[in-house]
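[1] Here is the input, now give the coordinates:
(one chain, ligands or ions: 1)
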Amino acid sequence: MSKILIRNAFTVKRLLGLGSDDRVTIHVATENNRIASVSEQPIEGHFDSVIDATGLFLSPGLVDPQVHFREPGSEYKEDIESGSKAAVKGGFTSVISMPNTRPTADNPEVVAFMANRSKKLGICKVYPTGALSMGLAGQTMTDFAALKEAGAVAITDDGKGVQDDKLFLQALRSARQLNLPVLDHSEDESLSNGGAIHEGDISRKFGLKGIKANSESMHVERGCRMSEETGAHYHVLHISTRESIDAVRFAKAKGIPVTAEVSPHHLLLCDEDIRLRKDNSLDANWKMNPPLRSRADKEACQQALLDGTIDAIATDHAPHSPTEKAQPIESAPFGIIGLETAFPLIYSHFVRTGQLSLGSCIDLMSKQAGALFNLECGRIQVGAAADLCLLDLETAFVVCDKFFASKSTNSPFIGETLYGRTRMTMTEGRVVYT
Ligand SMILES: [Zn+2]
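    Presented below is the predicted three-dimensional model:
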């Protein structure tokens, strides 16, 4: 039996389930794994520990719809323990992990391993997904019911687009029957064509094969159409282009069950921002899939975030070793880490600048992100799981490679001055980061 009191924090009323975005001083007591009381008046009683949160913002634990924790198979990049530590350092208490491990999470054993490993660690809740096709090969569908039974909260071939239209339609039909969302890494490979960065002025300037913008939107349009046909929940992972956003906006207006997430890097960077190495080649820490797009695409992502077309923010946390990322951009692997910088980036660039309210920012990173998977979260209310974090909105800090709890440091945001560092994270009533 453990009782903890967090006193003198501030939050916004919306996160207490009270509607408005007014700020309010708050005291919260937890008992075991639940929130036991929430009050604007000081809470009396005996507690095993008391956390003085004066000046800090109390938020529901954040939820990330897309991370790659690399275990099993590539533990030198990240494992479930180091990934979980990176998550809670970023204020996340729940993450959804992608199936592109080695072996692939295309069978109940691997899915159950991921779920059990994270339960045993007790740092961050890791909800696995199951692969859509065996080995992510895009040919034979997996057993969705068995994957769900083992703990999968969604079906996805993330890391690869599903090229076969018939297979994708069949997957949506089956997922619909099991009430599982299908998460789509939308990429038509005939149009991405083995490129390393977005096809545009920068790819042409450096003589690199480019990934066409419509390699994404063609698949997003397909997914929206098939979602309408089947009634399945179709979710677009890491959306990055204006045409994809237009397709989602159109589908939502028609009432089709389509959702979309965007990553901080697609909101804040474009292909013009890819940094040069000393030898004037492009730095692979700015390489991910989908790639950093054009400035117009970045602005379309920002607009979609602010007008509510976007349902959630996802990091697509994808660790790789320094040696792998030191390769030429053509051959280096895709992906950047993101768990520890996500909230500070969104807070510093959108909330602090007055474009997005603090309540909306947190909803995009908790309640709405969890709702994609039918997870109840995102509110500081009596009886809810005691998944909470304290964020420092006032003290500036500089992101450096020592900052990361992740095993990897492949981030294009090293050197940035940000606000919103985590001071404490609690998962199920246990303090897991201070
Ligand atoms: Zn992906």
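
[2] hey, what's Leu58 bridged with?
    For Leu58, the beta-bridge partners are Leu390 (DSSP bridges).

[3] Not including adjacent chain positions, what is the nearest residue to Pro181?
    The shortest distance from Pro181 to any residue that is not its chain neighbour, by C-beta to C-beta, 6 or more residues apart in numbering, is 4.1 Å, and that residue is His233. Backbone N, C-alpha and C define where each C-beta goes, glycine included.

[4] quick one, what contacts the one you found?
    Shown here is His233, whose contacts under the criterion C-beta atoms under 8 Å, 6 or more residues apart in numbering are Ala175, Arg176, Leu180, Pro181, Val182, Ser227, Pro257, Val258, Thr259.

[5] Give the buried residues for the helix or strand hosting the first one.
    Put plainly, it is Ala175. Here Ala175 sits within helix 165-178, counting by DSSP states H and E. The neighbour-count criterion (16 or more other C-beta atoms under 10 Å) identifies Leu167, Phe168, Leu169, Ala171, Leu172, Ser174, Ala175, Arg176 as the buried residues of helix 165-178.

[6] now stretch 266-285
    By neighbour count, with 16+ other C-beta under 10 Å as the criterion, the buried positions of stretch 266-285 are His266, Leu267, Leu268, Leu269, Cys270, Asp271, Ile274, Leu282, Asp283, Ala284, Asn285.

[7] Contacts only, for the fourth one.
    The one in question is Leu269. When contacts are taken as C-beta under 8 Å, 6+ apart, Leu269 is in contact with Trp286, Leu292, Lys298, Pro412.

[8] now, which of the residues you listed lie within helices?
    Using DSSP state H to define helices, the subset of those located there is Lys298.

[9] Switch the contacts of Leu269 over to JSON lines; also include pLDDT.
    As requested, those are arranged in JSON lines below (pLDDT from 0 to 100):
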{"residue": "Trp286", "pLDDT": "98"}
{"residue": "Leu292", "pLDDT": "98"}
{"residue": "Lys298", "pLDDT": "98"}
{"residue": "Pro412", "pLDDT": "98"}
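
[10] Which one of the contacts of Leu269 is nearest to Glu428?
    Using C-beta to C-beta, Pro412 is the member of those that lies nearest Glu428, at 33.1 Å.

[11] so how far is Pro65 from that closest one?
    21 Å (C-beta to C-beta, to the nearest Å).

[12] These two: which has the busier surroundings?
    A count of neighbours by other C-beta atoms under 10 Å puts Pro65 above the other of Pro412 and Pro65, at 32 against 23.

[13] Where does that one sit: helix, strand or coil?
    In terms of secondary structure, Pro65 is strand; the call rests on DSSP: H, G, I helix; E, B strand; the rest coil.

[14] Now do the same contact list for it.
    With contacts taken as C-beta under 8 Å, 6+ apart, Pro65 has the following neighbours: Ile96, Leu183, His235, Leu237, Glu261, Ala312, Ala314, Ala369, Leu372, Phe373.

[15] go again using 7 Å as the cut-off
    Contact partners of Pro65, counting by C-beta atoms under 7 Å, 6 or more residues apart in numbering, are Ile96, Glu261, Ala312, Ala314, Ala369, Leu372.

[16] Now for the nearest residue to it once chain neighbours are set aside: which residues touch it?
    If the residues on either side of it in the chain are set aside, Pro65 comes closest to Ala314, at 4.4 Å by C-beta to C-beta, 6+ apart. Residues in contact with Ala314, defined by C-beta under 7 Å, 6+ apart, are Asp64, Pro65, Gln66, Leu237, His238, Glu261, Ser263.

[17] Show me the residue sitting in the middle of this protein in space.
    Central residue check for the chain by C-alpha atoms, centre = their mean: the C-alpha nearest the mean position is that of Ala314, 2.3 Å away.

[18] Make CSV from the contacts of Leu269 and add distance to the ion to it.
    Listed next are those as CSV, based on distance: C-beta to the ion, whole Å:
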residue, distance to the ion
Trp286, 16
Leu292, 14
Lys298, 18
Pro412, 17
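
[19] and which of the contacts of Pro65 is nearest Gly122?
    Nearest to Gly122 out of the contacts of Pro65 is Ile96 (C-beta to C-beta; 17.9 Å).

[20] which other helices and strands contact the host helix or strand of the closest one?
    Applying DSSP H and E as the criterion places Ile96 in strand 92-97. Using 3 or more C-beta pairs under 7 Å, 6 or more residues apart in numbering; DSSP states H and E as the contact definition, the elements that strand 92-97 packs against are strand 62-67, strand 125-128.

[21] Of those strands, which is nearest the ion?
    Closest approach to the ion among those is made by strand 62-67 (7.2 Å; C-beta to the ion).

[22] CA atoms only: put whichever helix or strand comes after that closest one into PDB for me.
    Beyond strand 62-67 in the direction of the C-terminus, DSSP H and E gives the next helix or strand as helix 80-89. Extracted in PDB, the C-alpha atoms of helix 80-89 (Å, rounded to 0.1, in the frame of the first residue of the first chain):
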ATOM      1  CA  ILE A  80      12.400  -2.400 -23.900                       C
ATOM      2  CA  GLU A  81      14.100  -1.200 -20.700                       C
ATOM      3  CA  SER A  82      16.200   1.600 -22.200                       C
ATOM      4  CA  GLY A  83      13.200   2.600 -24.400                       C
ATOM      5  CA  SER A  84      10.900   2.700 -21.400                       C
ATOM      6  CA  LYS A  85      13.500   4.900 -19.500                       C
ATOM      7  CA  ALA A  86      13.600   7.300 -22.500                       C
ATOM      8  CA  ALA A  87       9.800   7.300 -22.500                       C
ATOM      9  CA  VAL A  88       9.300   8.300 -18.900                       C
ATOM     10  CA  LYS A  89      12.100  10.800 -19.200                       C
END
